[in-house]
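Enquirer: please work out how this folds:
(chains A and B)
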Amino acid sequence: MAKAAKATVARRKKPAQSGGLALLGFMALFAALILMLVSMASLVLCVFGLLPTIVAVLIDRSPQRFAFFSVFAMNFAGIFPYLLDLWMGSNSMSVAVDSLTDVFSLFTMYGAAAAGWILFAVTPPIVSTVMTFIAQRRVSILRSRQKKLLEEWGDAVTGEDHGYGDDEDKEPGAPPGEPKAPGKRKK
Amino acid sequence: MAEQDPTEAQAPAPQPVPDPAQAPEEKSKALPPVAMDRYLIHPGMPIPELSTPSAKAYHAEDKRNTERKIFALICPPFLGPRTGVMDVLKGANIRGFMPLVEWGKLHWPLVNQRTIAVIYERPVGGRLLDQLGKINQHEMVRKIIEPITHGLQEISTRGVSHRQIRPSNLYFVDGAHERLVLGDCTTVPAGYDQPTLFETIERGCAPPAGRGPGDVSDDMYALGVTILFALVGGNPVPHLRTDDDILYAKMQDGSYATLIGSEPVPVNMLEALRGLLSDDEHERWGLEQLDLWINGRRMTPIQKKSAPKAKRSIEYAGRDHFNTRTLSLAVSRMPSQVDRLVKDNLLETWLKRDMENSDMSAAASNAIHMAQNQSGDKDIMAARISIVLDPTLPIRYKDCWCMPDGFGTAMAHSIMQKGNANTPVELITRSLPRAWFDSQDTYNPVYVALEKNFDQLLDFVQERKIGYGVERCLYETNPTLACQSPLLIEEYVLTIKELMPALERVSAKVDKKSRPIDRHMVAFIAARLNQNIDPHLKAVGDDREEIATLGMLSLLALVQWRTKSGNLLGFTSWVGAHMGPAIKAFHSKSIRDELEKEVPKLIRKGNLADLFNLLDNAEQRAQDQMEFDEACEEFKEAEEEIKDIDGGSGALEKNSNRLGQQAAAMTSIVIALLIITVTFIGKLW
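Expert: Predicted structure coming up:
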């Protein structure tokens, strides 16, 4: 039964994932088409410069694709100076090839992508540690408050040993009527 | 004939408590006199000739006038004395009545507890009993009838009946035997010491404790018998040895015929005796008729009316019965054989054919049917049948026989002497009083009030909580009975005003761990405090300890305040030692600590009302409850949050991982945008 349910979930997820990937591919294709029409050199630079991003798209199968976004953003930041050189300069294929064959520029492009990967790998543990610390701190505050409540109100405050409390009729101001201040009523 | 005391011989003696007169003589002689205000009573100097069957007489002395001849009667502490009558007679100086000088409570060493002593002026001429037959018949009216009638008239105008008229309780105050007076009638319940011979058939059927106060009509009957004793010089019917012999004879032949018999009675006295000894209460002479007779007016003599007689007798318990009265008494005496009457409708047939009384037959049939519906045991069957057969006789159930107005003393006697509360309680719960009242032929306004009282008793009996039950019935029906609480029994607390001082005295010697109230005390307060205290009783009987404690405190505070008992340091301290549950009822520890500091301060003031006001501060209590509820809610929320945090550590990890990835993506995007912006701006520059 559980297996069947899991299979159903997997079957439901697959079209969504493939749909997302297809959308990305479609968007990439659309961008490539535009670049091909505007600047073939830019397209070449992007295709080779964004190889880590292509790898990230293939590796990151999560629905949110945070790895892809991390790597893509940094990777694009890495190739942007060279794209700007093309767009501000001669915009020729040779400039693009020069950039792609230069070790420093490749290091910049792929290094930036690596930085994206590193960021993606390092941030979750840090966030997790911070959040656990905050939770522990909160528990400690709550325990301390409970201890104070127990000191003031006794075990009954835990709700396990209520003499009375919730019931209106059992209000302890009980002896009604006459007993109220027999000495003072006269005043 | 008068050598032996027939009246005393037939007097009841049901008291198992220590009899002062029987105490070792040496011991009593060694006892010092007991002081009661200005009077000294000598336990070592009993006066047997002035004692009554229940109250022993002792020599007394007036400290201000040592020449004065007085004596004291010591009331038995286990019976309700007629304190109301004592108040009426005290200092009244009624001609024809032994002067009641003083009455009050004192600790009587011979019974080792407090009780009531009644001081009378001492008659020097001895008892009428000792002069029976010695009084000339021509002096009978002047010496006996006239003074007694005057005495009865005087107390009758004060709403009191004597109910102890017999030769042994009539005294000559002078040595010449000229002035006769009525003796004591206050030390025991009305009619308690009367021999059956001196009681009417109806009240004579009841045991001493169940005869009830009755009225002047019963006194007139007793006076008639007393006159007859004086005329014939003693018991006119010595052959009737037992009470039942007397009762059966009176029922068959009538009191007059039974007592006069063949005795030579002066003709001039016959008319008065016939009037006084009439068995019909409505025909019996009253004080007015007797006064007219004394003054020489002669009236038409009452014609003897014989009770309806059956054509054929019915045999029951070894006797042949020709009338319903004797059968009624026999059925009550021997309920074990009642099945014989029920079987084959024997009783109904006898009533219809031989008594020719169809109405009574139908009533008997109805009574049998009712008894069968009420479990149908022989006792209830006999009780219901006997009421139908003679509705004027007492209510008779098992060993509890009483006139409706004597139920209180009968109940007290049953509980305190026999330790049996069940029979009187069953008598009420089985609706026998209602059956008795329903059977009465004539309207009597007294019965209406009595019936209402029995309805109230039924309510009390059915409620078992403290302040109700059999104890409440006991005090409601015996207004002069002392509180029977084990704590107060020695103190002999008769009125609500005496309660608090007695508790103060008791607090000095009692173990403070014992509860300051019990069922008897609460019932006593409820019956004696002329105020509706149901809310207090409800609180005292509450199952929750803290409410019961506050209820106890409020009730005692109310009594202290109402009786203006002043400050009671010892008793307040005793009550204060039991305030734990009331203090614990506060949830807040700081409030409890504060109260625990305050309570001893208030205890030192000796005012229970202050203590109650401190512990039952409604505002503080409501505030405490509100804050407690808030604290509970806060604790619960904290607990849930902690559980969420602890139980959700896996989810937190997963969540933080996702958040981390998101943060990484966002950071990358932000860094990339910065780099792009800087690069672009740098290129343009």
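Enquirer: which other helices and strands contact the biggest helix by length in chain B?
Expert: Of all the segments of type helix in chain B, defined by DSSP state H, the longest one is helix B:649-684. For helix B:649-684, the packing partners by 3 or more Cβ pairs under 8 Å, 6 or more residues apart in numbering or on different chains; DSSP states H and E come out as helix A:66-88, helix A:103-153. (Glycine included, C-beta is placed from N, CA and C.)
Enquirer: quick one: pLDDT of the spatially most central residue of chain A?
Expert: Note on chain A: the residue nearest the mean C-alpha position is residue A:66, at 7.7 Å, using Cα atoms, centre = their mean. pLDDT for residue A:66: 92.
Enquirer: count the residues that sit near residue B:591.
Expert: Residues lying near residue B:591 (other Cβ atoms under 10 Å in any protein chain shown) number 18.
Enquirer: that one and residue B:324: what is the separation?
Expert: 72 Å (Cβ to Cβ, to the nearest Å).
Enquirer: if we can go back for a sec, for the residue nearest to the centre of chain A, give its distance to chain B.
Expert: With the distance defined as Cβ to the nearest Cβ, to the nearest Å, residue A:66 ends up 4 Å from chain B.
Enquirer: residue contacts, that residue?
Expert: For residue A:66, the contact set (Cβ atoms under 8 Å, 6 or more residues apart in numbering or on different chains) comprises A:60, A:120, B:661-662, B:664-665.
Enquirer: just checking, residue B:401 is part of a strand?
Expert: Yes. Counting by DSSP: H, G, I helix; E, B strand; the rest coil, residue B:401 is part of a strand.
Enquirer: could you double-check that it lies in contact with residue B:208?
Expert: No. Taking contacts as Cβ atoms under 8 Å, residue B:401 lies outside contact range of residue B:208: 10.4 Å.
Enquirer: leaving out chain neighbours, which residue sits closest to residue A:49?
Expert: In this structure, residue A:49 finds its nearest non-sequential neighbour in residue A:79, 3.7 Å apart by Cβ to Cβ, 6 or more residues apart in numbering or on different chains.
Enquirer: pretty sure the one you found sits against residue A:45.
Expert: Yes. With contact defined as Cβ under 8 Å, residue A:79 counts as touching residue A:45 (6.4 Å).
Enquirer: can you give me how far the host helix or strand of residue B:365 is from the chain middle?
Expert: Using DSSP states H and E, residue B:365 sits in helix B:358-373. Put simply, helix B:358-373 sits 32 Å off its chain's centre (Cα atoms, centre = their mean, to the nearest Å).
Enquirer: helix or strand right after it?
Expert: helix B:378-389.
Enquirer: so for that following helix, mean pLDDT?
Expert: Mean predicted lDDT for helix B:378-389 stands at 95.
Enquirer: one more: stretch B:237-250?
Expert: For stretch B:237-250, the per-residue pLDDT averages 93.
Enquirer: below-threshold pLDDT in the stretch 501-650 of chain B: ranges please.
Expert: Across the stretch 501-650 of chain B, nothing is flagged by pLDDT under 70.
Enquirer: residue of it nearest chain A, please.
Expert: Using Cβ to the nearest Cβ, the closest approach of the stretch 501-650 of chain B to chain A is made by residue B:554 at 2.7 Å.
Enquirer: quick one: that residue is in a helix?
Expert: Yes. Applying three-state DSSP, one finds residue B:554 inside a helix.
Enquirer: correct me, but it touches residue B:616?
Expert: Yes. If you go by Cβ under 8 Å, residue B:554 and residue B:616 touch, sitting 7.0 Å apart.
Enquirer: more neighbours, these two?
Expert: Counting neighbours by other Cβ under 10 Å for residue B:554 and for residue B:616 shows that residue B:554 has the greater number, 30 against 24.
Enquirer: hmm, back to that, what pLDDT does the residue nearest to residue A:49 get?
Expert: pLDDT, residue A:79: 93.
Enquirer: tell me the contacts of it?
Expert: Contacts of residue A:79 by Cβ under 8 Å, 6+ apart are A:45-46, A:49-50, A:109, A:112.
Enquirer: number of nearby residues for residue B:457?
Expert: By the criterion of other Cβ under 10 Å, residue B:457 has 24 neighbours.
Enquirer: and the residue nearest to residue B:553 when sequence neighbours are not counted, what element?
Expert: Once flanking residues are discounted, residue B:553 sits nearest to residue B:612: 4.9 Å by Cβ to Cβ, 6+ apart. Counting by DSSP H and E, the element that carries residue B:612 is helix B:608-615.
Enquirer: which other residues reach that helix?
Expert: So helix B:608-615 is in contact with A:179, A:181-184, B:550, B:553-554, B:556-557, B:560-561, B:568, B:571-572, B:575-576, B:579, B:582-583, B:595, B:598-599, B:602-603, going by Cβ under 8 Å, 6+ apart.
Enquirer: I'd like to know which of those are part of helices.
Expert: Per DSSP H, the contacts of helix B:608-615 map to helices at B:550, B:553-554, B:556-557, B:560-561, B:571-572, B:575-576, B:582-583, B:595, B:598-599, B:602-603.
Enquirer: are any of the residues you listed buried, and which?
Expert: Applying 16 or more other Cβ atoms under 10 Å in any protein chain shown to the ones in helices among the contacts of helix B:608-615, the neighbour count classes B:550, B:553-554, B:556-557, B:560-561, B:571-572, B:575-576, B:582-583, B:595, B:599, B:602-603 as buried.
Enquirer: quick one: contacts for the nearest residue in space to residue B:588 that is not next to it in sequence?
Expert: Once flanking residues are discounted, residue B:588 sits nearest to residue B:624: 5.3 Å by Cβ to Cβ, 6+ apart. Applying Cβ under 8 Å, 6+ apart, we find residue B:624 in contact with B:586-588, B:591.
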